[in-house]
Each structure stands twice: as C-alpha cells, then as structure tokens.
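Asks: Quick one: sequence and predicted model below, then my questions.
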Amino acid sequence: MKKKVLFICVHNSARSQMAEAFLNLICPDYFEAHSAGLEPGALNPLAVEAMREVGVDISGKKTQAVFDVFKTGEFFPFVITVCDETSAERCPIFPGVTQRLHWSFPDPAALCGTHDERLEGVRKIRDQIRARIKAWCDEMCAVEA
C-alpha cells in the first residue's frame, strides 16, 4: 500500500508543488504525494516553467491550505516541510503524523533579478528538490527491501 506524504510550505506555490510532482514521478509505487500551504497563493510561474523544462507539467495544479487538508481527516505517515530556514518557524505543524521531516530549500519567491536570473535560481532549487526526493526514495525503498 502506498504511503501518503504531505509536503508543506508557506504558500504551496513552488517548493511543495515541485516536491509533490517529483515524488509522484520518481517513486509512484511506494508513495502518494500531496502538498499544501499555510497561506496558499497562486502557482509561481517560474516554478511551472522550470518544471516544464524537465518534462513535468504542474500548470494545472491548484494551491490548497493545510487546514483544508487537515479537515479531510486523511492520515499522512510523512509530513515534510520544505520552507527555507528563515521561514521554518512559519511552517505549520500537522498533527497526527508518524514522521515529520524538514528539508530546507530557498524560497523562489524571494529571488531577485531579471526573469532569466530568477529562472536560473528556480532551476537550482528544482534540481536540489529532485536530488533530495531521489535520495529519500532510494533510502526508503532500501529500508523496505
């Protein structure tokens, strides 16, 4: 049976969306990933563009609030916050979880510069998230074997 994972960030606009998409892509037989935010906003267009570059379309995803996920009563054995260290204190606590992890990634919304400079920053964050997801999948699947 797939284990549900909830990725949480402040706005559910980039990091948590990318993590959800990568986990569902990389380890679909073992995990079912979802994402939510403390203050959900709109999808970050740079995150959509950066993900499209690696063949992953998140453009149709909607942001959602952690509280709305909590109200569904779904159980998530893993809740992973992906806020950067400076925002970590704002990342919500999701009750009733088996394991809570924190993976710090920079906030794409905080990037400055031209469109191309910000996109390059989002690409780096995307690649960091993908690498962390891959390593975690390898680790978790090895534990199960």
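Replies: Thanks, I have it. All values derive from a computational prediction rather than experimental measurement.
Asks: Can you read off the pLDDT for the residue positioned nearest the centre of the chain?
Replies: Nearest to the mean C-alpha position of the chain, by Cα atoms, centre = their mean, lies residue 16 at 2.1 Å. pLDDT, residue 16: 96.
Asks: Verify the contact between it and residue 23 for me.
Replies: No. Residue 16 lies out of contact with residue 23 (Cβ atoms under 8 Å); the separation is 10.6 Å. In this view, the C-beta of every residue, glycine as well, is placed from N, C-alpha and C.
Asks: Need the overlap of contacts for these two.
Replies: residue 7 (Cβ atoms under 8 Å, 6 or more residues apart in numbering).
Asks: Kindly list the longest helix within the protein.
Replies: helix 115-144 (DSSP state H).
Asks: Let's test this: mean pLDDT of that helix, rounded?
Replies: 93.
Asks: helices and strands around it, which ones?
Replies: Under the contact criterion of 3 or more Cβ pairs under 8 Å, 6 or more residues apart in numbering; DSSP states H and E, helix 115-144 touches helix 15-26, helix 45-53.
Asks: so can I have TSV of the ones you listed showing distance to residue 32?
Replies: Conversion of the helices and strands packed on helix 115-144 to TSV gives the following (distance: least, Cβ to Cβ, whole Å):
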stretch	distance to residue 32
helix 15-26	7
helix 45-53	19
